[in-house]
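Undergrad: With the input below, show me the fold.
(2 chains)
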Amino acid sequence: MNNRDISSKSTRRDCSLYIHIPFCVRKCRYCAFYSIPASVEIQRQYVSAVKRELAMTAYKQSFDTIFLGGGSPTAMTESLLLELAMWAGAKIKSGNEFTIEVNPGQTNAELFKKLKTTGVNRISIGAQSFNDKELEFLGRIHNVADIVRCVEDARKAGFENISIDLIFAIPGQTTTDWKHSLDEAVRLAPPHISAYSLTYEGDTPLVRALAAGQIEIIDEETDAVMYESAMDTLETAGLVQYEISNFAKAGFECRHNLRYWLNKSYIGLGPAAAGCYDGKRTENVADVQRWLEAIDAGRFAYETQQSLSAEDIACETAVLNLRTRFGIEPVAFERQTGYDIQKLFAAPVMRHLNAGLLEWHEGRLRLTRAALPIADKVLCDFAAI
Amino acid sequence: MSTEHIRNFSIVAHIDHGKSTLADRLLERTGATDPRNRKDQMLDDMDLERERGITIKASAVTMNYDYHGTNYMLNLIDTPGHVDFHYEVSRSLAACEGALLVVDASQGVEAQTVANAYLAVESGCEILGVINKIDLPSAQPAVAAEEMEHVLGIKQGECLCISAKTGIGINELLEAIVQKLPPPEDKADQPTAALIFDSVVDDYRGVICYVRLFAGTLSLKQKIRFMGTGRNYTISDIGKMCPKMVSVDKLSSGEVGYVVANIHELEDVRIGDTITDAANPAAEPLPGYKAPMQMVFSDFYPGAMTDYPKLRTAFERLSMNDASFTYVPQNSQALGFGFRCGFLGLLHMEIVQERLERENDIDVVQTAPTVSYEILLSDGTIKRIDSPSELPDRSVIAEIREPFVKLEIITAGDTLGGIMKLAEERRCKLVKTEYLSPTRVMLEYRAPLAEIVYDFYDLLKSISHGYATMDYEFIGFEPGDLVKIDILVNKIPVEALSLIVHRSNAEQRGRKMILRLRKAIPKHQFEIPLQVAIGGKIIARETIKSYRKDVLAKLYGGDVTRKMKLLKKQKAGKKRMKSIGQVNIPQEAFMSILDNSDD
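TA: Residues are numbered from 1 along each chain as shown, chains lettered A, B, ... in the order given. Below you'll find the model as predicted:
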């Protein structure tokens, strides 16, 4: 079938940009992302290398969405962060979403005013909890008061599209504690909230503490109750669940992330940044020095490169689509991957429909509400043919 | 050589009391081996034996000893020294006139010392008491001697004190062997009768039979007959183990040696059979041996199903060197293809498992050991079963009988309470208590073997801080209040998990199984009841709750590759599951339930 390479062709027409800012003043206990504390000199080299890295790609058009993530973008020296944001802001399609992640312990009213001038139009705040003890446990550098101030400052600077990240199933957390965080977040009325169950991954202090028996993982039942509590509370507050962990008022869904879940192409810049472009997934080396050296030498700094087969693309697209409440639209799926979803995954589709874990909703195949907490039991059947 | 100048003897001892070291020293002192290229413990063939300090296969060695100017031929017939190998010990003893009973001067008389001494007496052997390791700072030879007199009736003054390690007392011991052990009877003029007490397979020469001549002679090119199998062969090589094989022209009445006769298969040679002259046969075969009885059974499954042919080959090879081990193919619904193996006892089983893994590089999963049962049917017939799945329908069973053993435990007085409590919990009936010394006690029990094979030995060691020793001997089948328990997963009985247990233990054992199952079976979308049943009546129940949460919190651009891998792995995991009553049970989990090692 020669329409199976449509996805790679389509990447030339639309593309997002992700810039990984690998700096943090201190690592959080749970965080497996790559970041280091860094000198101003390194940051300076980093910013010019990011620019150079983009110039090395074949992509010369404007981007559909841009996301500055980390690490902590706000851990950078202000002038360099603004320089980077300004540079990126010039590359976005007019009026499109340009997000920056901020640490509420590193922002002030001035910074937001300046960011506003760069073209940034969406602020994602790493709030995580509205309980100071939990913030301390997680190794965050800010407190609850900082979060409140951060939201106010962003609003005052004219930012409307604000998102708050929250974490639940923190060791020691009760369902009441979690409800408190949810309620406090809702009280600040951001149009977007992400709620993540705490993930134990990589070689993090949290994983080590767990292995050493110093902390106890929240039991599955409580985790499920907390998740359901998030779904109920946020729904009631008018934030519609549009993905496993994401809730938004209509029109405030994160476009950048939606493009990930639609399996659209994006370019990743910076150490450890991932990209998906031209039917290939790449991941940069998670080391600032090695990344700098490569870029300086005019080479890409890929740690891994994976060429995707038509089947890989179909599986990824199915899994990613199913994470969202929009699910899989069969016609779009076939146009993108060249496969008929109902033929390619006939058996699991049938089985999970029968088990009440999948449903057809307005012509789209999606997870039922009951399936959301156990989504991977369904998704794994779409991960491979 | 006149039989007057021959001595045939074995060394019997509790494990680690120095039997093999003593054998080495005797070989060295008589010049059979050169101390300069000494490899400790000459008689132990296999690595495993050396490592565990256990001699599994009996073998023999001939030494020439100059006793005051006269040459004596000393034939040492080695014996295994452990709890399961009564059969092999008695078969070695049958080829001897004497036995050296070795006791560690610091440990004193142990359970197997007693058992071995009884075996030697039953075989009509003259016993020479030897107290070894007198060089140790903790040695108490006087206490050991007192115990030997008290328990075994060996006069204190007649015990020899030696150190096999340093060589103290070895000369005196050699003299005592000549002076105190009787020579074999001289029956050289009678028709040939040679007892086969062991056999091994040599890759080049076929089967090598170890023999003891009780009458007549055997010589090169002689036509011989195996009286049990009725087969005739021609001797192609004959000789002695010195300890290397040394060919001779002839072996005479009273002597010990080897015979090679172009025999290819180990099955063609029956241990205990009598070799006679084909033309001039003996009237009667020598009294043979009772076939060894497999009392302990366990299933072995390859860790990976593709290893099944490897496992079969491995068992074939193992059984060539160990006739007392049996294996039959099994096909379990839950576990796939494997083998049900029979062993003389627990240690025997462990050794086989270790040899399997060591010599074959196969990952083996072994089920908890069970015993053999005798079933009296309503029509009066008796059926022997080796697996709960062979149990006939309840309606035709008149009685289930289980194997009982005479269990001897020797321990320190201060651990007596704990051990007696353990024994009582395991349905053991105390027969007698005997103080060997003010601080050491010997307990004799009538014990159900099923209770001993499970985890008794480990508990015994743990209660006594490693001090207690035990030995057991099969005495017969006895009826008991035995029931078959079934394990039901989602209301479906799982055959492979059925057990025969005493009614008093049924609930406890069953509950243990379902608790393990609860851990091993992943959660499903629905609740899964796990039940223990006796004949349809549920006696215990556990529940596996339905799963509640399983979802990756984040899946963004940078996570796709890694998280797709996780999901693929999750999908692959589903494939390896067996489906029983809508419940998917991972094969690995199933095995972990049955595996007795993680108790």
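Undergrad: where's whichever residue of the stretch 51-200 of chain A sits closest to chain B, which helix or strand?
TA: Nearest residue of the stretch 51-200 of chain A to chain B: residue A:196, at 4.1 Å (C-beta to the nearest C-beta). No exception for glycine: its C-beta is placed from N, CA and C like everyone else's. Applying DSSP states H and E as the criterion places residue A:196 in strand A:192-197.
Undergrad: contact partners of that strand?
TA: A:124, A:161-169, A:182, A:185-186, A:223, A:226-227, A:230, A:234, A:239, A:245-249, A:252-254, B:549, B:551, B:553-554 (C-beta atoms under 8 Å, 6 or more residues apart in numbering or on different chains).
Undergrad: So what's the residue count around the residue of the stretch 51-200 of chain A closest to chain B?
TA: For residue A:196, the neighbour count with other C-beta atoms under 10 Å in any protein chain shown is 20.
Undergrad: list the contacts for the nearest residue to it once chain neighbours are set aside?
TA: Closest residue to residue A:196 apart from its sequence neighbours, by C-beta to C-beta, 6 or more residues apart in numbering or on different chains: residue B:553 at 4.1 Å. Neighbouring residues of residue B:553 by C-beta under 8 Å, 6+ apart: A:196, A:197, A:198, A:199, A:244, A:245.
Undergrad: Could you do residue B:490 as well?
TA: Going by C-beta under 8 Å, 6+ apart, residue B:490 touches B:528, B:529, B:580, B:581, B:582, B:583.
Undergrad: Which residue is the nearest non-sequential neighbour of it?
TA: Per C-beta to C-beta, 6+ apart, closest to residue B:490 is residue B:581, 4.1 Å.
Undergrad: For residue A:385, which non-adjacent residue is spatially closest?
TA: Nearest non-adjacent residue to residue A:385 (C-beta to C-beta, 6+ apart): residue A:311, at 5.5 Å.
Undergrad: Go ahead and list the helix or strand containing that neighbour.
TA: helix A:310-323.
Undergrad: List the buried residues in that helix.
TA: For helix A:310-323, the buried set under the neighbour-count rule, 16 or more other C-beta atoms under 10 Å in any protein chain shown, comprises A:312, A:313, A:314, A:315, A:316, A:317, A:318, A:319, A:320, A:321, A:322, A:323.
Undergrad: Name the residues that touch that helix?
TA: In contact with helix A:310-323 (C-beta under 8 Å, 6+ apart) are residues A:4-5, A:7, A:243-244, A:260-263, A:279, A:306, A:308, A:327-329, A:333, A:336-339, A:341, A:344-345, A:365-367, A:375, A:378-379, A:382-385, B:555, B:560, B:564, B:567.
Undergrad: Return the members of those classed as buried.
TA: Buried subset of the contacts of helix A:310-323 (neighbour count, 16+ other C-beta under 10 Å): A:4, A:7, A:243-244, A:260-261, A:263, A:279, A:308, A:327-329, A:333, A:336-339, A:341, A:344-345, A:365-367, A:375, A:378-379, A:382-384, B:555, B:560, B:564, B:567.
Undergrad: Tell me if stretch A:154-174 is near chain B.
TA: No. Taking C-beta under 8 Å from any C-beta of the partner chain as the criterion, stretch A:154-174 and chain B are apart, separated by no less than 8.6 Å.
Undergrad: Show the end-to-end separation of that stretch, please.
TA: 30 Å (C-alpha to C-alpha, to the nearest Å).
Undergrad: Pull the distance from it to the chain's centre.
TA: 14 Å (C-alpha atoms, centre = their mean, to the nearest Å).
Undergrad: same deal with stretch B:172-186?
TA: On C-alpha atoms, centre = their mean, the centre of stretch B:172-186 falls 31 Å from that of its chain.
Undergrad: what's residue 152 in contact with, if anything?
TA: Answering for chain A, as no chain was given. Residue A:152 makes no contacts at all, as judged by C-beta under 8 Å, 6+ apart.
Undergrad: wait, I meant chain B there
TA: So residue B:152 contacts B:101, B:109, B:113, B:114, B:117, B:127, B:129 (C-beta under 8 Å, 6+ apart).
Undergrad: Mind listing the residues bridging to the residue lying closest to residue A:230 once chain neighbours are set aside?
TA: Spatial nearest neighbour of residue A:230, chain neighbours left out: residue A:195 (4.4 Å); criterion: C-beta to C-beta, 6+ apart. Bridge pairing for residue A:195 (DSSP bridges) gives the partners residue A:166.
Undergrad: the bottom helix or strand of chain B by mean pLDDT?
TA: One helix or strand of chain B scores below all others by mean pLDDT, DSSP states H and E: helix B:47-52, with a mean of 44.
Undergrad: And the next helix or strand past that one?
TA: With secondary structure assigned by DSSP H and E, helix B:47-52 is succeeded by strand B:60-67.
Undergrad: Could you report the pLDDT at residue B:593?
TA: As predicted, residue B:593 sits at a pLDDT of 65.
Undergrad: Per the annotation, how does the chain divide into domains?
TA: No chain specified, so I'll use chain A. A:3-261, A:310-382 (automatic domain parsing).
Undergrad: please go with chain B instead
TA: B:3-180, B:193-277, B:296-366, B:374-480, B:483-592.
Undergrad: okay, those domains in JSON lines with distance to residue A:213 next?
TA: Shown next, in JSON lines, are the domains of chain B (distance: least, C-beta to C-beta, whole Å):
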{"stretch": "domain B:3-180", "distance to residue A:213": "35"}
{"stretch": "domain B:193-277", "distance to residue A:213": "52"}
{"stretch": "domain B:296-366", "distance to residue A:213": "29"}
{"stretch": "domain B:374-480", "distance to residue A:213": "25"}
{"stretch": "domain B:483-592", "distance to residue A:213": "18"}
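Undergrad: So what's the residue count around the nearest residue to residue B:94 once chain neighbours are set aside?
TA: Of all residues not flanking residue B:94 in the chain, residue B:123 sits nearest, at 5.5 Å (C-beta to C-beta, 6+ apart). Around residue B:123 there are 18 other residues, counting by other C-beta under 10 Å.
Undergrad: contacting residues for residue B:123?
TA: Applying C-beta under 8 Å, 6+ apart, the residues near residue B:123 are B:90, B:93, B:94, B:96, B:99.
Undergrad: Mind listing residues that contact stretch B:568-577?
TA: Counting by C-beta under 8 Å, 6+ apart, A:376, A:380, A:381, A:383, A:384, B:584, B:585, B:586, B:587, B:588 sit against stretch B:568-577.
Undergrad: Give me the mean pLDDT for it.
TA: Averaging pLDDT along stretch B:568-577 yields 80.
Undergrad: what does stretch A:165-172 give?
TA: 97.
Undergrad: Could I get the full set of strands for the stretch 301-450 of chain B?
TA: B:326-332, B:336-343, B:364-366, B:370-371, B:373-377, B:382-385, B:397-412, B:429-437, B:440-448 (DSSP state E, counting those that start in this stretch).
Undergrad: Chain A too?
TA: Secondary structure of chain A (DSSP state E): strands located at A:16-21, A:66-70, A:98-102, A:122-128, A:161-168, A:192-197, A:240-243, A:246-248, A:266-269, A:274-277, A:280-284, A:302-307, A:358-361, A:364-367.
Undergrad: among those strands, which is nearest residue A:48?
TA: strand A:266-269 (11.9 Å; C-beta to C-beta).
Undergrad: circling back to that earlier point, do you know how far the residue nearest to residue A:196 is from residue A:172?
TA: Per C-beta to C-beta, to the nearest Å, residue B:553 is found 18 Å from residue A:172.
Undergrad: what does the stretch 451-599 of chain B put close to chain A?
TA: So the stretch 451-599 of chain B meets chain A at B:523, B:525, B:545, B:547-558, B:560-561, B:564, B:567-568, B:570-572, B:574 (C-beta under 8 Å from any C-beta).
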